[in-house]
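Trainee: My questions are about this predicted structure, shown below with the sequence.
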Number of protein chains: 2
Amino acid sequence: MKCRQCQKSAVIKMERHNTSLCGGCFNLYVHDQVDRAITEQKMFDHGEQILVAISGGKDSLALWDVLIKLGYRTAGLHLDLGIEAYSEVSRKKVETFAASRGLDLIVHPYKEAYGLGVIEIAEETARPACSACGTMKRYHFNRIAMERGFPVVATGHNLDDEASRLLGNVLQWQEEYLEKQSPVLSDEGGTWARKVKPLFRLAEREIAAYSILNRIDYIVDECPMSKGAKMLLYKDILNRLEEASPGTKHKFYLGFLKRPRAATATAKPVDLHPCQSCGQPTPGAVCGFCRLMQRVTP
Amino acid sequence: MKCRQCQKSAVIKMERHNTSLCGGCFNLYVHDQVDRAITEQKMFDHGEQILVAISGGKDSLALWDVLIKLGYRTAGLHLDLGIEAYSEVSRKKVETFAASRGLDLIVHPYKEAYGLGVIEIAEETARPACSACGTMKRYHFNRIAMERGFPVVATGHNLDDEASRLLGNVLQWQEEYLEKQSPVLSDEGGTWARKVKPLFRLAEREIAAYSILNRIDYIVDECPMSKGAKMLLYKDILNRLEEASPGTKHKFYLGFLKRPRAATATAKPVDLHPCQSCGQPTPGAVCGFCRLMQRVTP
């Protein structure tokens, strides 16, 4: 198998692009896809400081690696969820990655901050683990970015993540979620940090290949709480469709982004106030995170 | 397993409704779902004559059976596609069903009318078989209905058909097809026959159960040309989702029907003229069917 660009020996075959590439050309392809995502979606520019949310998995570490190589100014943010061995290994991978490249890293350990890990917080509040974890992540990404002066938070969501989330939302026609599903969420005039997903054009297997090729040492295990999650079923189904018709995920997600919006989707401005408890912007009196934590600490 | 309605012995368990029913109560359920589809979607009323498209499969025969039992005035229309043994068996099942119940039946055999069956017509015109067949079916349903004074054509499309077609259209965000996917297509002020799908609330396995329970003798084989068709993959995928979350197909298709429409979906009136060749309404100079047949008969 030869590289279609330079005739060297290819390391990856990509059915959806009907091509095969060598290591060097594949790296250029990955950088180009990220660059294109950032530019076309107006995610950020070289003058802005980017806070990159780093879990320790392949996607977030590959994202950080690419952003550095594209010359962006970044710092990493790692939330230590306190899920025993899984979180210990994750944190170690992130710290080693940052130290070996001399990168700025902020670590926020839930157990030190709140005395509990995310599983205990979910249990005490009778919330599904993934739901409590999502509330806490969104809150900390935004709060830490705003407090430290980062206008943008970048996450490592890839094409498979976005397409499977879209499939889940479309199966239930949840218009309010559909309208929010974009690789860029506005900062609403500086009220929030902008949220961006620069890997949305890249398939999960492409990012795995990139990580291996660039010797990025990441945690391979999935979060122990994700087993049986619907998203895994949706990903599996999309993989089957992709196998039957290469390019299905890309067409599905990018076609969605280009589609005409529903008449009701005209911007409904949300009235935000400072949370009575923490001061962060919220549409209610108390923000979701503080409501969660109030149920933990009586 | 007991019937949830009357405590007799149940014959079917329906996970999506979290219920089990005996034969009598299941028949009532099926009739009720069809009645509800007809009424809620304003498909037709008891004053109108319905032309029911009958392939000889379980769906179309079950539809005809239910419409008769609900007291509608109907005639059947069978297109004999000329696909050798498959079409011979299909036609026999339809004729036997109609004769045993004393129902009006119109049979239109392609080989007698055009000298060729649908497979030969597709081959001669280099069209995929399902595509040529679709063009021919839509044409004959409408033409025969209009010529014989039927304001409505009913087809046996069920929930699985509609949900899998929707999945295919959504995966590619084909807005023009999405906007047309409805259980009722208007007659555009009498230009066309109204097209309706009274089985859209019923799952394929429910209709199979209804047919067996009511001793409807149908052709079990699928059309020999449908093997490997995308729709079978989509149906299989939806069955997997349904198994993981009973009610998925219903939520997906009925949620779609209720969703707000895209801003661009405001009615684009189509300018129709009589086809220069056959006189049937068409947006172009010559209708799709006549263009197809012109390539067959030089």
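Mentor: Nice, I can see it. Numbers count the residues shown, from 1 in each chain, chains lettered A, B, ... in the order given.
Trainee: C-alpha from now on. contacts and neighbour counts both.
Mentor: Noted.
Trainee: For the one helix or strand residue A:32 maps to, what does the pLDDT average out to?
Mentor: Per DSSP states H and E, residue A:32 falls inside helix A:23-40. Throughout helix A:23-40, pLDDT has a mean value of 98.
Trainee: and that helix, C-alpha only, in CSV?
Mentor: Provided in CSV are the C-alpha atoms of helix A:23-40 (Å, rounded to 0.1, in the frame of the first residue of the first chain):
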residue,chain,number,x,y,z
GLY,A,23,3.0,8.9,8.3
GLY,A,24,4.3,12.3,7.2
CYS,A,25,1.4,13.0,4.8
PHE,A,26,-1.1,11.7,7.4
ASN,A,27,0.2,14.2,10.0
LEU,A,28,-0.2,17.0,7.4
TYR,A,29,-3.8,15.7,6.8
VAL,A,30,-4.6,15.8,10.5
HIS,A,31,-3.1,19.3,11.0
ASP,A,32,-5.0,20.5,7.9
GLN,A,33,-8.3,19.2,9.1
VAL,A,34,-7.9,20.9,12.5
ASP,A,35,-6.8,24.1,10.8
ARG,A,36,-9.8,24.0,8.5
ALA,A,37,-12.2,23.4,11.4
ILE,A,38,-10.7,26.4,13.4
THR,A,39,-10.7,28.7,10.4
GLU,A,40,-14.0,27.8,8.7
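Trainee: contacts for the helix ranked longest in chain A?
Mentor: Counting residues, the longest helix found in chain A (DSSP state H) is helix A:129-148. Identification of contacts with helix A:129-148 by C-alpha atoms under 8 Å, 6 or more residues apart in numbering or on different chains yields A:51, A:53, A:77, A:79, A:118-119, A:121-123, A:151-153, A:192-193, A:225-226, A:280, A:288-289, A:292.
Trainee: Pull out the buried residues from those residues.
Mentor: A:51, A:53, A:77, A:79, A:118-119, A:121-122, A:151-153, A:192-193, A:280, A:288-289, A:292 (16 or more other C-alpha atoms under 10 Å in any protein chain shown).
Trainee: what's the neighbour count on residue A:115?
Mentor: 12 (other C-alpha atoms under 10 Å in any protein chain shown).
Trainee: actually residue A:224, sorry about that
Mentor: 8.
Trainee: Leaving out chain neighbours, which residue sits closest to it?
Mentor: residue A:86 (7.6 Å; C-alpha to C-alpha, 6 or more residues apart in numbering or on different chains).
Trainee: circling back: just the buried positions in the longest helix of chain A, please.
Mentor: A:129-130, A:132-133, A:136-137, A:139-146.
Trainee: so is residue A:90 in a helix, a strand, or just coil?
Mentor: Secondary structure, DSSP: H, G, I helix; E, B strand; the rest coil: residue A:90 is helix.
Trainee: which stretches of chain A aren't confidently modelled?
Mentor: A:228, A:261-269, A:297-298 (pLDDT under 70).
Trainee: again, only this time at 90
Mentor: A:174-181, A:186-191, A:222-231, A:259-273, A:281, A:283, A:296-298 (pLDDT under 90).
Trainee: any residues touching the helix or strand following the helix holding residue A:32, and which ones?
Mentor: Next helix or strand after helix A:23-40 toward the C-terminus (DSSP H and E): strand A:49-53. By C-alpha under 8 Å, 6+ apart, the residues outside strand A:49-53 that reach it are A:60, A:64, A:72-78, A:141, A:145, A:150-156.
Trainee: And the strands in chain A, which stretches?
Mentor: A:12-14, A:19-21, A:49-53, A:73-80, A:105-109, A:152-154, A:184-185, A:194-196, A:273-274, A:281-282 (DSSP state E).
Trainee: Tell me how many other residues surround the residue in the stretch 51-200 of chain A positioned nearest to chain B.
Mentor: Per C-alpha to the nearest C-alpha, residue A:171 is where the stretch 51-200 of chain A lies closest to chain B, at 4.6 Å. Neighbour count of residue A:171, defined by other C-alpha under 10 Å: 21.
Trainee: Would you mind confirming that it is in contact with residue B:252?
Mentor: Yes: using C-alpha atoms under 8 Å, residue A:171 is in contact with residue B:252, at 4.6 Å.
Trainee: so what's the residue nearest to residue A:224 up against?
Mentor: Counted by C-alpha under 8 Å, 6+ apart, residue A:86 has contacts A:221, A:223-224.
Trainee: hmm, 10 Å instead?
Mentor: A:80, A:219, A:221-224 (C-alpha atoms under 10 Å, 6 or more residues apart in numbering or on different chains).
Trainee: what does residue A:254 give?
Mentor: Residue A:254 neighbours (C-alpha under 10 Å, 6+ apart): A:159, A:162-163, A:200-201, A:248, B:172-173.
Trainee: Quick one: mark the members of those that sit in helices.
Mentor: Short answer: those in helices (DSSP H) are A:159, A:162-163, A:248.
Trainee: Would you mind trimming those to those in range of chain B?
Mentor: Subset of these in contact with chain B: A:163, A:248, counting by C-alpha under 10 Å from any C-alpha of the partner chain.
Trainee: Can you pick out the most distant pair from the ones in helices among the contacts of residue A:254?
Mentor: A:162 and A:248 (12.8 Å; C-alpha to C-alpha).
Trainee: For those two, indicate the residue with more neighbours.
Mentor: residue A:162 (25 against 20).
Trainee: Next, work out how far apart the more buried one and residue A:250 are.
Mentor: 10 Å (C-alpha to C-alpha, to the nearest Å).
Trainee: how near is the nearest residue to residue A:251 once chain neighbours are set aside to residue B:257?
Mentor: In this structure, residue A:251 finds its nearest non-sequential neighbour in residue B:172, 5.9 Å apart by C-alpha to C-alpha, 6+ apart. Noted for residue B:172: a distance of 18 Å to residue B:257, by C-alpha to C-alpha.
Trainee: Compare those two (neighbour count), which wins?
Mentor: Higher neighbour count among residue B:172 and residue B:257: residue B:172, with 18 against 15, using other C-alpha under 10 Å.
Trainee: Quick one: residues contacting that one.
Mentor: Contacts of residue B:172 by C-alpha under 10 Å, 6+ apart are A:248-256, B:178.
Trainee: Noted, bye for now.
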